[in-house]
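Asks: Requesting a structural model of the entry that follows:
(one chain, ligands or ions: 1)
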Amino acid sequence: MNKLPPLRALRHAASLPLDDFRLAMRRLVGAVSIVTTLDGETPAGLTATAVTSFSAEPARLLACINLKGTTFRAIAESRRMAINLLAHQHESLAKQFGGAPVSHEERFGMAQWGTLTTGAPVLRDAMAVFDCVVDEMMVAHSHAVIIGEIKAVLLSPRNDEPLLYADGQFTTLHRAGEMVTG
Ligand SMILES: Cc1cc2nc3c(=O)[nH]c(=O)nc-3n(C[C@H](O)[C@H](O)[C@H](O)COP(=O)(O)O)c2cc1C
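Replies: The predicted model follows:
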């Protein structure tokens, strides 16, 4: 087995002004979702990569959401959220929901939305949507781990390529493979 170079050497070689944790995290390739909810009657949502499956029976997933944002407060109050899995054509949408805070019109006006069971906004051409009510919420440091109880699922009939985030940029399976293998 090839020995990995020590982290300090990697840092030096890359000459990036990032600490070791952030540098290593750039190699964690993530699927990109938009987590949506309702702030009263108003839609709210953000781009997230910290979303993963939790259990199949019962059907649960989890999302880690920053406490500082408007989306966290709205999820905590409404107790509902939809996880919209993005495809490669949603890159500009992911940037809009993941950049500096802008009005909900500027975020949601970029695409077509509907609802399933909970009333949380559902992206009509998402690869898949998990419509959830909040089952459990654990606050730790800057974030909350939110476990969603899945009430409905929407599956796209199309065979889109997923949108990924790796090495600080949006990418696709094909391009991420090239990046990781060099
Ligand atoms: C690729 C990417 C992934 C992100 N992942 C998360 C995440 O998992 N959890 C989170 O709370 N914020 C995440 N963010 C940051 C939020 O999307 C961003 O801070 C957003 O503007 C917050 O919106 P809000 O203040 O309206 O809630 C991510 C941003 C990007 C660009």
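Asks: so, in contact with the ligand or not, the helix or strand where residue 165 lies?
Replies: Using DSSP states H and E, residue 165 sits in strand 164-166. Yes: against the ligand, strand 164-166 shows contacts by Cβ under 6 Å from any ligand atom at residue 165. Where you see a C-beta, it was placed from the backbone N, CA and C, and this is true even at glycine.
Asks: Stretch 107-117 too?
Replies: No: Stretch 107-117 lies out of reach of the ligand by Cβ under 6 Å from any ligand atom, never closer than 7.8 Å.
Asks: strand partners of the helix or strand hosting residue 129, parallel vs antiparallel please.
Replies: Per DSSP H and E: residue 129 is located in strand 128-140. Strand pairing for strand 128-140, using DSSP bridges, gives strand 80-85 (antiparallel), strand 143-155 (antiparallel).
Asks: what's the most buried one of those?
Replies: Comparing the strands paired with strand 128-140 by mean neighbour count (mean count of other Cβ atoms under 10 Å), strand 80-85 comes out on top with a mean of 26.
Asks: so where do the strands sit in this protein?
Replies: 30-31, 33-39, 42-48, 51-55, 60-66, 80-85, 113-114, 122-123, 128-140, 143-155, 164-166, 169-171 (DSSP state E).
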